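Colleague: I'd like to go over a predicted model; first the sequence, then the structure.
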Amino acid sequence: MIRFLIRRLALTVLAVWGALSAVFCLLHFSGNPAVLMAPIGSPPEKVAQLSHALGYDRPLAEQYASFFGDALRGHFPDSLTFQQPAMDVVLQRLGATVLLAAVALAGAAVAALLVGLWTGSREGGGARREWPMWLVFLTQSVPGFYIGVLLVWVFGVELAWLPTSGATTATSIVLPAVTLACGVLPPLARVFRNNLRGELARPYSRTGTALGMSRARVVRHAAYGSMLPTVTVLGLEAGALLGGTVIVESVFSWPGVGQLAITALQNQDYPLVLADLTFLIIAFVMVNLVVDLLYGVLDPRVRHQAGESR
């Protein structure tokens with residue numbers, strides 16, 4: 001287990017380094033960032049003063065080292081919009097994003113298990129068995145922002161059942177969570193359904209049926225064996241949700257990290273953009289690390305394939 005853990009930690013460090021390096025390169029791709037951060041029409045002296053204050057007039061290698069150190073410590077210049085440390089602003093919005101992502105992921109996971117069990121465990125049936133999966137695939141073919149707008153129109157405007165923006169009541173999370181879940185549900189349901197069918201076709205399932213085990217018991221054992229690949233997809237989708245919240249939070253005015261990123265871009269608040277982007281990158285990598293470790297715990301074969309011996 002130790003070798004497996006060290007290997008995964010090393011890959012995580014490499015991924016963080018590569019992602020942050022890409023952010024640094026994009027930041028300087030268009031030249032001095034102070035030119036974009038300064039108000040329109042600012043004289044060259046004002047731009048030079050801002051560039052010196054933020055350290056953008058130093059050698060590029062020195063800026064790179066400073067950027068890396070600040071990013072790992074969470075130290076960024078003050079937000080130009082909120083006039084406080086940029087990372088503090090991001091952390092203040094973190095709770096809303098985590099809540100939205102957790103509710104969406106939990107809902108998608110439950111729905112995926114139900115759809116996968118329905119379509120993967122039933123024998124025969126044709127269209128009667130597959131119709132839930134067809135509905136799931138339909139949500140995958142529609143852009144997330146369109147689903148969000150459609151839900152707002154139906155349940156917020158026409159029926160007036162649910163709030164359409166903000167986080168004023170407990171029900172405010174329903175529409176954005178459903179919108180996010182629609183993007184996560186299809187891969188989860190497909191992976192679980194396919195693996196469940198594969199497990200039911202394996203010899204141990206056929207032997208259990210031949211020995212008189214009930215169909216429900218055989219499906220239960222097969223479902224457990226189908227969970228491992230599903231956990232991996234669940235973890236990948238959990239990391240992707242952090243990025244997917246940007247669009248959904250904008251549609252529903254949800255006060256999270258995603259909406260904050262849009263606000264920072266619109267205001268050309270680049271310290272806040274950097275803090276927001278750096279946080280999302282590190283969070284995505286760490287979520288995938290947790291999934292890798294969990295997968296290794298659940299399936300010892302993964303650790304052995306990574307070069308670990310007993």
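Modeller: Arrived safely. Numbers count the residues shown, from 1 in each chain.

Colleague: tell me, how many neighbours does residue 17 end up with?
Modeller: 12 (other C-beta atoms under 10 Å). All C-beta atoms are positioned from the backbone trio N, CA, C, and that covers glycine.

Colleague: how far away from the center of its chain is whatever helix or strand it lives in?
Modeller: Residue 17 belongs to helix 2-28 when assigned by DSSP states H and E. Distance of helix 2-28 from the chain centroid (C-alpha atoms, centre = their mean, to the nearest Å) equals 17 Å.

Colleague: same check, this time on stretch 269-285
Modeller: Worked out by C-alpha atoms, centre = their mean, stretch 269-285 lies 13 Å from the chain centre.

Colleague: show residues contacting it.
Modeller: Residues outside stretch 269-285 that contact it (C-beta atoms under 8 Å, 6 or more residues apart in numbering) are 12, 15-16, 19-20, 23, 27, 33, 36-37, 54, 71, 74, 76-82, 86-87, 89-90, 94, 239-240, 242-243, 257, 260-261, 263-265.

Colleague: mind running it again at 7 Å?
Modeller: By C-beta atoms under 7 Å, 6 or more residues apart in numbering, the residues outside stretch 269-285 that reach it are 12, 15-16, 19-20, 23, 27, 33, 36-37, 71, 76-81, 86-87, 89-90, 239, 242-243, 257, 260-261, 264-265.

Colleague: list the buried ones in the helix holding residue 17?
Modeller: 4, 5, 7, 8, 12, 15, 16, 19, 20, 23, 24, 27 (16 or more other C-beta atoms under 10 Å).

Colleague: and stretch 46-64, by the same measure?
Modeller: 47, 48, 50, 51, 54, 56, 63, 64.

Colleague: nearest to residue 132, of those residues?
Modeller: residue 64 (50.9 Å; C-beta to C-beta).

Colleague: how about that closest one, nearest residue that isn't a chain neighbour?
Modeller: Closest residue in space to residue 64, ignoring its immediate chain neighbours: residue 24 at 5.9 Å, by C-beta to C-beta, 6 or more residues apart in numbering.

Colleague: as CSV, the buried residues of helix 2-28 with distance to residue 151 and pLDDT would be great.
Modeller: Output for the buried residues of helix 2-28, formatted as CSV (distance: C-beta to C-beta, whole Å; pLDDT from 0 to 100):
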residue, distance to residue 151, pLDDT
4, 42, 65
5, 42, 72
7, 43, 76
8, 38, 74
12, 36, 79
15, 34, 82
16, 35, 81
19, 32, 80
20, 36, 80
23, 33, 77
24, 38, 79
27, 36, 70
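
Colleague: now for the residues you listed: which two are most distant?
Modeller: Most distant of those, by C-beta to C-beta, are 4 and 27, 35.1 Å apart.

Colleague: what's the burial count for residue 272?
Modeller: Here the count is done by other C-beta under 10 Å, and residue 272 has 28 residues near it.

Colleague: right, I mislabeled it, should have said residue 78
Modeller: By other C-beta under 10 Å, 15 other residues sit near residue 78.

Colleague: before we move on, back to that, by contact count, what packs against the helix holding residue 17?
Modeller: helix 60-73, helix 270-298 (3 or more C-beta pairs under 7 Å, 6 or more residues apart in numbering; DSSP states H and E).
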